[in-house]
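**Q** coordinates for the following, if possible.
(one chain, ligands or ions: 1)
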Amino acid sequence: MSMAADPTRPEYRAAGTDLSERRRSGVSRGALLDVAAPAGVEPTPDGGLRLGALTTIAALAADPAIRAGYPGLAAAAAGLATPQIRRMATLGGNIAQRNRCWYFRNPDIACLKKGADACPARAGNALYAVAFDSAPCVAPHPSTLAAALLAYDARLDTNQRRDAPIAEALGDGRAASAETALRPGELITAVALPAPASNERAFYKRAIGRAHAEWPLVELVLRASVEGGVFAGLRLVAGGVAPVPLRLQAAEAAALGKPATATTFAAAAAAAIEGANPLPQSRYKLDLLQGLVLDLLEQAASQG
Ligand SMILES: Cc1cc2nc3c(=O)[nH]c(=O)nc-3n(C[C@H](O)[C@H](O)[C@H](O)COP(=O)(O)OP(=O)(O)OC[C@H]3O[C@@H](n4cnc5c(N)ncnc54)[C@H](O)[C@@H]3O)c2cc1C
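**A** Residues are numbered from 1 along each chain as shown. Next up is the predicted model:
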């Protein structure tokens, strides 16, 4: 077993909504280090915002400056988990939470993220697995906020790096023992958002297996600006489909500079699954992803 996958290594605890479940089952059993980081939302000199890592998800969802300038993030925060979880759970804990794969969560089953040399889901039940299969482990990245923060070009401060693009901290999903590229002992202290774009609208939508209290099957954050009936700016980030939140660059390219019409929506939805290589059981996620792309582009176009 690699050192990094050692279940007895020390772990940070924020609100513990993810961690305590893993500790109850014995998947995680190291020493606990309570997170020391700020909570709250502050303006920055460049017109952006700085979010303390201990800010609760409910506080993010309700914050007037986030709702006004980063509505895709506010909607993602308001749409995840349950009111009870959102009131307790923190920004840093959401980004760094561990995956939801039932093989990983079961203390009696060996898996890659627990130091074994194979992913049991590949030959087993992969219903909730990735549809862009780009890492040895097939669990999708669990963080809704990470997808929204990637869509807004957020940057992270940790106790080991300053002002790092969130994509760098998330990594490529191939880390042996985490769903991020955070190093052992690395603590997220704050997240910075650049100044909000003007004339932009943003939306968040999830495809779900049941009405509430569940991680989404697929989720999508969209930022768009429409000028003169044409998509002048577009950012699409999907969750639930890849080992890290996935920017849908081919879909963005298919719609940018094009009229905000059904033909463009369809071209972007077709491009959204470029490069997908689902497992047989996760192929359905591609239909869900295309449906979300169509829905949100339509919504962006109709709210002009
Ligand atoms: C029913 C249900 C539905 C849910 N649905 C969703 C959903 O749709 N989308 C979604 O994103 N989440 C969902 N969640 C998960 C929930 O959002 C997370 O459990 C929560 O955000 C974790 O935050 P926390 O503060 O409790 O973290 P903790 O449980 O304290 O920590 C989680 C992990 O992050 C590490 N950590 C914590 N803070 C930091 C930090 N500052 N720096 C580095 N590492 C840190 C810890 O060591 C631990 O490994 C759901 C949870 C439940 C129970």
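
**Q** and Lys205, that's in a helix?
**A** No. Applying DSSP: H, G, I helix; E, B strand; the rest coil, one finds Lys205 to be strand, outside a helix.

**Q** and it, what are its bridge partners?
**A** Beta-bridge partners of Lys205, counted by DSSP bridges, are Leu220.

**Q** what is the burial count for it?
**A** 20 (other CB atoms under 10 Å). C-beta: built from backbone N, CA, C; applies to glycine.

**Q** my guess is it contacts Asp295. True?
**A** Yes. With contact defined as CB atoms under 8 Å, Lys205 reaches Asp295; the gap is 6.0 Å.

**Q** which residues do those two both contact?
**A** Between them, Lys205 and Asp295 share no contacting residue under CB atoms under 8 Å, 6 or more residues apart in numbering.

**Q** how close does Asp117 sit to Ala238?
**A** For Asp117, the distance to Ala238 equals 29 Å [CB to CB, to the nearest Å].

**Q** which of the two has more residues huddled nearby?
**A** The residue with more neighbours, out of Asp117 and Ala238, is Ala238; 28 against 8, by other CB under 10 Å.

**Q** what strand or helix carries the more buried one?
**A** strand 230-239 (DSSP states H and E).

**Q** what packs against that strand?
**A** When contacts are defined as 3 or more CB pairs under 8 Å, 6 or more residues apart in numbering; DSSP states H and E, strand 230-239 packs onto helix 144-151, strand 218-227, strand 246-247, helix 249-255, helix 262-272, helix 284-302.

**Q** go with 6 Å
**A** helix 144-151, strand 218-227, helix 249-255 (3 or more CB pairs under 6 Å, 6 or more residues apart in numbering; DSSP states H and E).

**Q** most neighbours per residue, which of these?
**A** helix 144-151 (a mean of 27; mean count of other CB atoms under 10 Å).

**Q** minimum distance to the ligand: which of the helices and strands packed on strand 230-239 has it?
**A** helix 144-151 (3.5 Å; CB to the nearest ligand atom).

**Q** for that closest one, name the packing helices and strands.
**A** So helix 144-151, by 3+ CB pairs under 6 Å, 6+ apart, packs with helix 71-79, strand 218-227, strand 230-239.

**Q** for the closest residue in space to His141 that isn't next to it in sequence, helix, strand, or coil?
**A** Counting by CB to CB, 6 or more residues apart in numbering, His141 lies nearest to Val244, which is 5.0 Å off, once chain neighbours are set aside. For Val244, the assignment made with three-state DSSP gives coil.

**Q** in a markdown table: the helices and strands packed on strand 230-239, plus mean pLDDT and distance to the ligand.
**A** Shown next, in a markdown table, are the helices and strands packed on strand 230-239 (pLDDT from 0 to 100; distance: least, CB to the nearest ligand atom, whole Å):
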| stretch | mean pLDDT | distance to the ligand |
| --- | --- | --- |
| helix 144-151 | 98 | 4 |
| strand 218-227 | 97 | 8 |
| helix 249-255 | 98 | 22 |
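
**Q** out of the ones you listed, which gets nearest to Gly173?
**A** Gly173 lies closest, by CB to CB, to one member of these: helix 144-151, at 11.1 Å.

**Q** what's the spacing between the helix or strand following that closest one and its chain's center?
**A** The helix or strand immediately downstream of helix 144-151 is strand 155-158, counting by DSSP H and E. Distance of strand 155-158 from the chain centroid (CA atoms, centre = their mean, to the nearest Å) equals 16 Å.
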